[in-house]
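Peer 1: structure, please.
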Amino acid sequence: MNAARSFGVNTWVWTSPLTDDRLAELAPRVADWGFDSIELPVEDVGDWDPERAATLLESLGLTATLVLAMGAGRELVAADRPTIAATRDYMRRVVDMAHTISAPVVAGPAYTSVGRTWRMSETERRACYLQLRDGLAPVVEHARAAGTTIAVEPLNRFETSLINTVDQALEALDGLPAEACGVALDVFHMNIEEQDIPAAIRRAGARVAHVQVSGNDRGAPGADHIDWRGIVDALDDVGYEGPLTIESFTQDNETIAVAASIWRPLATTQDVIAVDGLAFLSGLVRKGAPMA
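Peer 2: Numbering: from 1, shown residues only. Alright, predicted model coming up:
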């Protein structure tokens with residue numbers, strides 16, 4: 001067990017879209033609770049200032065990761081050329097923001113808008129994966145030059161029909177450079193789609209670039225039925241050294257509540273999701289650490 005493992009939390013737990021003022025409010029609390037990193041969504045470039053964020057996070061001793069927001073019209077497959085070009089431009093600009101704040105990872109479903117589903121044959125799926133590789137290649141090269149990794153996230157079947165599992169992600173990304181393009185694992189989605197989560201992590205191997213965690217109900221990790229010890233052991237086995245980042249959402253924001261299907265409170269307060277989740281994860285790591 002990696003006793004030095006770090007922990008992060010996504011600002012979507014509290015707010016959407018993220019703004020400079022909200023980050024200035026949230027980041028000190030996140031640092032005070034004991035998190036090592038904070039995850040910053042980019043719903044639209046310009047929502048928050050990366051230079052201002054970099055100064056704030058450095059003053060607090062926090063590192064950062066970034067996440068894409070693949071809303072309607074952001075598509076790299078099965079779309080017209082202007083749409084694909086605009087989506088690539090958005091992703092490149094997020095990479096530039098990551099470079100400004102020294103974020104090593106830009107994660108998310110970097111292929112189609114969340115909620116877009118359609119039936120396809122295996123032949124059609126392979127053609128989509130080929131188109132995805134072509135669409136992602138310039139973004140991945142831009143990320144490599146910026147010292148950032150694009151981490152492509154499989155989503156559950158209700159949010160996409162293109163990449164649901166680790167195996168599909170590995171197939172879709174085959175041929176793209178692993179040092180700049182990996183897989184983002186979200187335990188919430190894996191709990192729906194993977195028959196054996198630790199085994200799927202081991203198949204992803206060194207391509208695991210980012211990990212997001214929550215309970216199976218999108219609440220705090222630990223208050224659920226997930227095999228967290230098995231997951232952390234598998235991450236140790238593949239050599240993943242990045243943070244375990246808590247990602248959940250608030251029902252108080254209509255747009256994000258509908259997008260993430262948050263129809264009820266997941267805890268007594270949103271703070272509880274972060275604080276209880278951190279306590280569970282850090283305790284899990286401590287208990288599993290070897291004796292000195």
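Peer 1: what about the strands in the stretch 151-292 of the chain?
Peer 2: For the stretch 151-292 of the chain, the strands defined by DSSP state E, counting those that start in this stretch cover 181-186, 208-213, 244-246.
Peer 1: check which helix or strand covers the residue sitting nearest the centre point of the chain.
Peer 2: In the chain, the centroid-proximal residue (C-alpha atoms, centre = their mean) is residue 107; its distance is 4.6 Å. If you go by DSSP states H and E, residue 107 is part of strand 105-108.
Peer 1: which one of the strands of the stretch 151-292 of the chain lies closest to residue 38?
Peer 2: Taking C-beta to C-beta, strand 244-246 is the member of the strands of the stretch 151-292 of the chain nearest to residue 38, at 8.8 Å. No exception for glycine: its C-beta is placed from N, CA and C like everyone else's.
Peer 1: name the helices or strands packed onto the closest one?
Peer 2: Judged by 3 or more C-beta pairs under 8 Å, 6 or more residues apart in numbering; DSSP states H and E, the packing partners of strand 244-246 are strand 7-10, strand 208-213, helix 270-288.
Peer 1: deepest of those, which one?
Peer 2: Of all the helices and strands packed on strand 244-246, strand 208-213 carries the top mean neighbour count, a mean of 26, counting by mean count of other C-beta atoms under 10 Å.
Peer 1: now do that one: everything it contacts.
Peer 2: Contact with strand 208-213 is made by 10, 39, 65, 105, 107, 149-151, 153, 181-188, 201, 221, 235, 238, 240, 242-247, 277, 281, as judged by C-beta atoms under 8 Å, 6 or more residues apart in numbering.
Peer 1: what angle separates it from strand 181-186?
Peer 2: For strand 208-213 against strand 181-186, the angle by axes from the mean of the first three to the mean of the last three C-alpha atoms, to 10 degrees is 10 degrees.
Peer 1: and the longest helix for the chain?
Peer 2: The single longest helix within the chain, with elements called by DSSP state H, is helix 122-146.
Peer 1: give the buried residues for it.
Peer 2: In terms of neighbour count (16 or more other C-beta atoms under 10 Å), helix 122-146 has its buried residues at 125, 128-129, 131-133, 135-136, 139-140, 142-144, 146.
Peer 1: show me which of the contacts of strand 208-213 are buried.
Peer 2: Buried residues within the contacts of strand 208-213, counting neighbours by 16+ other C-beta under 10 Å: 10, 39, 65, 105, 107, 149-151, 153, 181-188, 201, 221, 235, 240, 242-247, 277, 281.
Peer 1: surely residue 50 and residue 100 touch.
Peer 2: Yes - using C-beta atoms under 8 Å, residue 50 is in contact with residue 100, at 3.9 Å.
Peer 1: which SS state does the nearest residue to residue 10 once chain neighbours are set aside fall under?
Peer 2: Excluding its sequence neighbours, the residue lying closest to residue 10 (C-beta to C-beta, 6 or more residues apart in numbering) is residue 39, at 3.9 Å. Of the three states, residue 39 takes strand according to DSSP: H, G, I helix; E, B strand; the rest coil.
Peer 1: for the helix-or-strand element of the chain with minimal mean pLDDT, which residues meet the burial criterion?
Peer 2: Every helix and strand of the chain was ranked by mean pLDDT, DSSP states H and E. The lowest is helix 254-260, at a mean of 74. Neighbour counts over helix 254-260 (16+ other C-beta under 10 Å) mark 256, 257, 259, 260 as buried.
Peer 1: for residue 19, what are its contacts?
Peer 2: Going by C-beta under 8 Å, 6+ apart, residue 19 touches 47, 48.
Peer 1: now residue 56: closest residue in space that isn't a chain neighbour?
Peer 2: Distance criterion C-beta to C-beta, 6+ apart; nearest residue to residue 56, sequence neighbours excluded, is residue 27 at 5.7 Å.
Peer 1: distance check, the one you found against residue 103.
Peer 2: Noted for residue 27: a distance of 14 Å to residue 103, by C-beta to C-beta, to the nearest Å.
Peer 1: compare these two and say which is more crowded by neighbours.
Peer 2: Ranked by neighbour count (other C-beta atoms under 10 Å), residue 27 and residue 103 place residue 103 first, with 29 against 21.
Peer 1: surely that one is in contact with residue 57?
Peer 2: No - Residue 103 lies out of contact with residue 57 (C-beta under 8 Å); the separation is 9.4 Å.
Peer 1: got any residues that touch both of the two?
Peer 2: Both residue 103 and residue 57 are contacted by 63, 64, under the criterion C-beta under 8 Å, 6+ apart.
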